[in-house]
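Student: give me the fold of what follows.
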Amino acid sequence: MGRLFGTDGVRGVAGSELTPELAINIGRAAAQVLTGKTNHKPVVLIGKDTRISGDMLETALAAGLCSVGADVQLAGVVPTPAIAYLVKKYGCDAGVVISASHNPMEFNGIKIFSGEGYKLPDDVENEIEALILDTPEKLVNVTGGDMGTVSRIDTAVRDYVDHIKTACTQDLSGMKVVFDCANGASAATAPMLFGELGIDCTFIGTEPDGTNINAGCGSTHMEKLTEIVKEGGYDCGIAFDGDADRCLAVDENGEMIDGDKIIAILGTRMKWEGKLAKDTAVATVMSNLGFMNHMKKREINVAVTAVGDRYVLEEMLAKGYNLGGEQSGHVILTDFATTGDGQLTAVSLLNYFAKETDKKASDFNGCFSKYPQVLINVKTTNEGKAKYKTDEYIEGFIESKQQQLMGTGRVLVRLSGTEPLIRVMVEGQDMDVINEVAQEIADKIKERLA
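Tutor: Here you go, the predicted model:
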């Protein structure tokens with residue numbers, strides 16, 4: 001059985017890979033599994049980002065859910081973390097987000113949250129997947145009065161914004177900040193949220209047309225944000241991705257503040273205030289060696305997981321930690337949220353900028369120097385990914401390149417959980433050396449998988 005669920009739900013090109021037929025069956029299977037676990041008629045909350053395919057998938061998913069007896073509530077365009085919060089607030093049995101996050105507009109995805117606001121565990125996803133792929137004959141439509149209904153919720157944006165505002169502990173009035181909403185879901189919430197916090201706001205990426213999400217804007221394309229911040233004399237800039245579950249920033253000089261820097265800033269402050277649980281932050285294997293050294297000097301422990309915010313969260317919940325995240329800008333603050341939340345991260349970061357009135361954003365950004373990193377994405381297929389996993393020659397070649405660095409750097413090669421890519425990352429002190437090593441590994445992978 002091929003897997004439908006990756007590290008962040010079901011994802012693919014809308015219309016060809018993620019079809020309406022598949023969305024219907026995901027809805028049918030999810031409702032049937034949830035019904036078995038709740039023993040009552042389930043209620044499912046659906047939100048989406050601004051992709052043109054969102055309407056098609058929302059309609060199909062709702063039809064599938066209703067066909068096996070689940071009621072559906074439509075929240076409209078809201079960030080992914082809004083559904084994670086609202087599903088519990090509204091007493092729903094599950095939540096679904098239709099989004100492909102930072103990916104281009106032709107992609108879309110379906111992420112499912114439990115009634116507690118957490119992404120579904122693997123065993124439940126596997127159960128849903130098995131119904132669709134292995135035993136579709138077990139999917140049975142209901143009839144008559146057992147059929148589900150669809151209703152719309154008009155308060156989702158307001159309720160979510162009010163929740164994030166509770167994380168603001170400082171007077172942010174007078175701060176001058178540019179926000180890039182990626183023409184995505186945060187365009188529906190960020191102007192209300194940050195405007196009501198009294199910030200002198202400038203917004204870009206707030207004119208979604210269904211096809212321009214993440215297009216030359218947002219956390220994957222920060223050039224325009226950087227230019228505006230530098231030329232306009234702003235205190236900093238904040239960028240979200242398409243579904244606003246991640247956040248990156250730039251200081252007043254336009255220098256990047258990535259997820260590692262954000263976690264370092266928040267973690268250091270939380271430790272000083274006695275709020276960092278067990279003096280530990282959770283990061284992934286992609287986090288920079290400079291970050292690791294900085295945290296060690298601050299006597300902050302770092303627990304390391306595989307790449308993926310779900311693995312970060314699993315470690316946090318298992319060990320009782322309250323701060324974790326990824327270099328890419330997924331930051332999880334479990335005192336306020338059950339998943340990564342870009343706008344919550346932004347409020348938390350701005351809190352600390354505002355509290356230290358004698359410091360600029362660049363002072364925070366200079367907390368550590370990053371080791372240079374080179375990342376090469378090797379395009380492949382699902383078959384190529386499978387072949388890579390079993391190729392002992394590639395494994396040995398990568399190990400030889402790790403030995404070549406002789407303790408001055410590291411090599412990390414991993415399969416993307418959301419895209420048809422093998423990611424080659426090399427980190428070290430000498431940029432010329434790591435460039436050469438990364439290219440040699442990428443070339444070898446291409447050669448072996450050809």
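Student: contact partners for residue 202?
Tutor: By C-beta atoms under 8 Å, 6 or more residues apart in numbering, the residues touching residue 202 are 177, 178, 179, 228, 232, 234. No exception for glycine: its C-beta is placed from N, CA and C like everyone else's.
Student: grab the nearest non-local neighbour of the last one.
Tutor: In other words, residue 234. Counting by C-beta to C-beta, 6 or more residues apart in numbering, residue 234 lies nearest to residue 176, which is 4.9 Å off, once chain neighbours are set aside.
Student: same thing with the second one?
Tutor: In space, residue 178 comes closest to residue 237 once its chain neighbours are excluded; the distance is 4.3 Å by C-beta to C-beta, 6+ apart.
Student: that's a strand at that neighbour, yeah?
Tutor: Yes. Assessed with DSSP: H, G, I helix; E, B strand; the rest coil, residue 237 lies in a strand.
Student: roughly how far does it sit from residue 172?
Tutor: 15 Å (C-beta to C-beta, to the nearest Å).
Student: which one's more surrounded, those two?
Tutor: residue 237 (29 against 18; other C-beta atoms under 10 Å).
Student: I'd say that one and residue 225 touch.
Tutor: Yes. Counting by C-beta atoms under 8 Å, residue 237 does reach residue 225; the two are 4.6 Å apart.
Student: show me what contacts residue 446?
Tutor: Contacts for residue 446 (C-beta under 8 Å, 6+ apart) come out as residue 378.
Student: ramachandran angles for it?
Tutor: Taking degrees, to the nearest 10, you get phi -60, psi -40 for the backbone angles of residue 446.
Student: quick check, pLDDT for it.
Tutor: Note on residue 446: pLDDT of 93.
Student: repeat that for residue 307.
Tutor: 84.
Student: what's the neighbour count on residue 117?
Tutor: What residue 117 shows, counting by other C-beta under 10 Å, is a neighbour count of 19.
Student: what about burial for the contacts of residue 202, which qualify?
Tutor: Neighbour-count burial (16 or more other C-beta atoms under 10 Å) is assigned, among those, to 177, 178, 179, 228, 234.
Student: dump these to a markdown table, plus secondary structure, pLDDT and distance to residue 329.
Tutor: Shown next, in a markdown table, are those (DSSP: H, G, I helix; E, B strand; the rest coil; pLDDT from 0 to 100; distance: C-beta to C-beta, whole Å):
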| residue | secondary structure | pLDDT | distance to residue 329 |
| --- | --- | --- | --- |
| 177 | strand | 98 | 16 |
| 178 | strand | 98 | 16 |
| 179 | strand | 98 | 14 |
| 228 | helix | 98 | 19 |
| 234 | coil | 97 | 19 |
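Student: which among the residues you listed gets closest to residue 395?
Tutor: Nearest to residue 395 among the buried ones among the contacts of residue 202 is residue 179, at 43.9 Å by C-beta to C-beta.
Student: wait, the closest one touches residue 197, no?
Tutor: No. Counting by C-beta under 8 Å, residue 179 does not reach residue 197; the two are 11.4 Å apart.
Student: contacting residues around the helix or strand encompassing residue 11?
Tutor: Assessed by DSSP states H and E, residue 11 sits inside strand 9-13. If you take C-beta under 8 Å, 6+ apart as the criterion, strand 9-13 is touched by 4, 18, 22, 26, 97, 100, 103, 106-112, 119, 418.
Student: helix, strand, or coil at residue 76?
Tutor: Here residue 76 is recorded as strand under three-state DSSP.
Student: count of residues packed around it?
Tutor: Neighbours of residue 76 using other C-beta under 10 Å come to 16.
Student: enumerate every residue touching it.
Tutor: 47, 48, 152, 153, 156, 157, 188.
Student: which of those count as buried?
Tutor: Applying 16+ other C-beta under 10 Å to the contacts of residue 76 flags 47, 48, 153, 156, 157, 188 as buried.
Student: look up how far residue 86 lies from the third one.
Tutor: Computed as C-beta to C-beta, the residue 153 to residue 86 distance reads 8 Å.
Student: ok, the last one next?
Tutor: Counting by C-beta to C-beta, the gap from residue 188 to residue 86 is 13 Å.
Student: need the overlap of contacts for those two.
Tutor: By C-beta under 8 Å, 6+ apart, the residues touching both residue 188 and residue 86 are residue 78.
Student: was I right about residue 141 contacting residue 66?
Tutor: No. Contact status for residue 141 versus residue 66: not in contact, 9.5 Å apart, counting by C-beta under 8 Å.
Student: quick one, which of the two is more surrounded?
Tutor: Between residue 141 and residue 66, counted using other C-beta under 10 Å, the more crowded position is residue 66 (21 against 12).
Student: so that one is in which element?
Tutor: Using DSSP H and E, residue 66 falls in helix 54-67.
Student: local confidence estimate at residue 286?
Tutor: Reading off the confidence values, residue 286 has pLDDT 86.
Student: what about the residue lying closest to it once chain neighbours are set aside, is that helix, strand or coil?
Tutor: Excluding the flanking residues, the one nearest residue 286 by C-beta to C-beta, 6+ apart is residue 327, at 5.0 Å. Look at residue 327: counting by three-state DSSP, its state is coil.
Student: same question for the one 5 residues further on.
Tutor: With three-state DSSP as the basis, residue 332 sits in strand.
Student: what mean pLDDT does stretch 378-388 get?
Tutor: Stretch 378-388 comes out at a mean pLDDT of 89.
Student: what's the spacing between residue 82 and residue 46?
Tutor: If you go by C-beta to C-beta, the gap between residue 82 and residue 46 works out to 12 Å.
Student: show me where the stretch 351-450 of the chain has helices.
Tutor: Counting by DSSP state H, counting those that start in this stretch, one finds helices in the stretch 351-450 of the chain at the ranges 361-365, 382-389, 392-405, 431-449.
Student: SS state for residue 302?
Tutor: Assigned with three-state DSSP, residue 302 falls in the strand class.
Student: tally up the residues packed near it, please.
Tutor: 18.
Student: just residue 447 next, same as before
Tutor: 10.
Student: before we move on, what about residue 75?
Tutor: By other C-beta under 10 Å, 26 other residues sit near residue 75.
Student: leaving out chain neighbours, which residue sits closest to it?
Tutor: residue 156 (3.9 Å).
Student: and the contacts of residue 76, which is closest to residue 219?
Tutor: Using C-beta to C-beta, the contacts of residue 76 come closest to residue 219 at residue 188, 16.9 Å.
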